[in-house]
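1. coordinates only, no sequence provided:
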Ligand code: ASP
C-alpha cells in the first residue's frame, strides 16, 4: 500500500492485514480511506476537514480500478466517507460522478448516516482566518487572502491568492496492489482550505486526482488542484507508464510540465504517487515537504519522495 503524506500509517496499518491475507486491492483502499476520513485530527479529509470560505466543509472522493470501473462524489457536506459513497456510485449506478445534493440523496438512500463534519478545532482555524488571516500561523498561511467575493478580490495580488495556504495540501491518495496483482486507487479530500464555496478540485475527477488501468498502472495526486487539473496529472502519469516510463520517470515528466506551464507561487505544491502494472512504484513532489507512506510485508515506512523537482 502506498499512501500520500506522513500520516499514512494510520490507514495503511488498518488496511494492510486484509490485503496480506488475500483481500482485494479495492477493499483495502476503501478501508484505508475510511480510517483517514473518520480521524478528526486529520484536517484535510472527512470529519475534521477545514471548511470553505463560508465555514462549510465539503468533501470530494473517488475510487478506480479501470476505465470502466470507477466512481466519484463531489461537494458532499453531510456525510463523512465520500470514498465509500463513490464505490456505491460505481457499483450501483450507470454513472461515474454524483455531486452535491444529488450525491447526498443517493448516500441517504444507500443507508449512510448524516454526520457533522466541522469540528471545533477546524471552526476555530476558519474563524481566525476569516477575521484576521495574518494572525494565523505565518508559515502555513502567509500570503493567503480570503476569497470572499469578486468585488473584494479586485486589487488583491492574484499570485498570492491562488495556491491556498501552504501546508493545506494534504489530500489522502492511496494505491493498493493485492496478492493477485490487481491495483486500486482512491482519493479523498476536503479540498483546498477556505476555497471559494462551490469549488471542486482535482481529487475526485477521474484522470486528474486519480487514474487506474490494470493494463498500465495507477497514479494519485495531492496538492494545488488547479495545477493538477490543467495537466490531467494522474492520467498523464499512467499514460507515460503505459508507454514504458517507470513510475518515477512518469511523475518527473508530469511535475516538469506543471512547472513549465504555471506561474508558481510559494504556496503551490503538487505531489504524486504511482505504481505500474508490474508492481514498480514511486513518488515525487514539486517541492520539499511531501512524504509518502509505504507498507508491505516488511512493515510500514514513512519516506521522502524519490523525486523533488525544486530545492
Ligand atoms: N488536491 C486537493 C484539491 O485541490 C487539495 C490538496 O491536496 O491540497 O482539492
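-> Nice, I can see it. Remember, it's a predicted structure, so these values are computed and weren't measured experimentally. Numbering: from 1, shown residues only.
2. please count neighbours and contacts with C-alpha atoms only from this point.
-> Noted.
3. give the helix, strand or coil label for residue 104.
-> Following DSSP: H, G, I helix; E, B strand; the rest coil, we place residue 104 in the helix state.
4. how many residues are close by the spatially closest residue to it that is not a sequence neighbour?
-> Leaving aside its sequence neighbours, residue 104 sits nearest to residue 76 (CA to CA, 6 or more residues apart in numbering; 6.3 Å). By other CA atoms under 10 Å, 25 other residues sit near residue 76.
5. and residue 76, bridged to which residues?
-> residue 59 (DSSP bridges).
6. what secondary structure does residue 302 sit in?
-> With three-state DSSP as the criterion, residue 302 reads strand.
7. what is the burial count for it?
-> By the measure other CA under 10 Å, the count of residues near residue 302 is 18.
8. check residue 289 too.
-> 14.
9. show the pLDDT at it.
-> Note for residue 289: predicted pLDDT of 89.
10. likewise for the one 5 residues further on?
-> At residue 294 the predicted local confidence, pLDDT, stands at 97.
11. leaving out sequence neighbours, find the closest residue to it.
-> residue 2 (4.6 Å).
12. repeat for residue 184
-> Distances taken as CA to CA, 6+ apart place residue 65 nearest to residue 184, at 4.7 Å, with adjacent residues excluded.
13. returning to what we had before: who are the contact partners of the residue nearest to residue 104?
-> 58-60, 82, 99-101, 103-104 (CA atoms under 8 Å, 6 or more residues apart in numbering).
14. residues touching the residue nearest to residue 294, list them.
-> Listed by CA under 8 Å, 6+ apart, the contact set of residue 2 reads 12, 174-176, 273, 292-295.
15. quick one, strands of the chain?
-> Under the criterion DSSP state E, the chain contains strands at 2-4, 59-66, 69-76, 97-99, 172-177, 183-189, 210-213, 217-223, 270-276, 281-285, 292-296, 299-303, 307-308.
16. want to throw these into a markdown table with distance to the ligand?
-> As requested, the strands of the chain are arranged in a markdown table below (distance: least, CA to the nearest ligand atom, whole Å):
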| stretch | distance to the ligand |
| --- | --- |
| strand 2-4 | 9 |
| strand 59-66 | 8 |
| strand 69-76 | 10 |
| strand 97-99 | 14 |
| strand 172-177 | 7 |
| strand 183-189 | 6 |
| strand 210-213 | 10 |
| strand 217-223 | 4 |
| strand 270-276 | 8 |
| strand 281-285 | 12 |
| strand 292-296 | 13 |
| strand 299-303 | 18 |
| strand 307-308 | 17 |
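17. where along the chain do the helices fall?
-> For the chain, the helices defined by DSSP state H cover 9-20, 25-38, 82-92, 100-109, 120-131, 138-141, 150-153, 158-161, 225-230, 233-242, 247-261.
18. ok, which of these comes nearest the ligand?
-> Minimum separation from the ligand across these (CA to the nearest ligand atom) falls at helix 225-230, 3.1 Å.
19. near the ligand at all, the closest one?
-> Yes. Against the ligand, helix 225-230 shows contacts by CA under 6 Å from any ligand atom at residue 225.
20. tell me the mean pLDDT for that helix?
-> Here the average pLDDT along helix 225-230 is 93.
21. for that helix, give me every contacting residue.
-> 192, 201-203, 208-209, 221, 258, 262, 270.
22. any idea which of those residues has the most stuff around it?
-> Busiest of the contacts of helix 225-230 [other CA under 10 Å] is residue 203, holding 34 neighbours.
23. in stretch 304-311, what's buried?
-> In terms of neighbour count (16 or more other CA atoms under 10 Å), stretch 304-311 has its buried residues at 304-308.
24. next one: stretch 278-298
-> So for stretch 278-298, counting by 16+ other CA under 10 Å, buried means 281-288, 290-296.
25. with stretch 96-108 instead?
-> Residues 96-100, 103-104, 106-107 are the ones in stretch 96-108 that count as buried (16+ other CA under 10 Å).
26. ok, those vs residue 127, which is closest?
-> Residue 127 has its nearest neighbour among the buried residues of stretch 96-108 in residue 100, at 24.3 Å by CA to CA.
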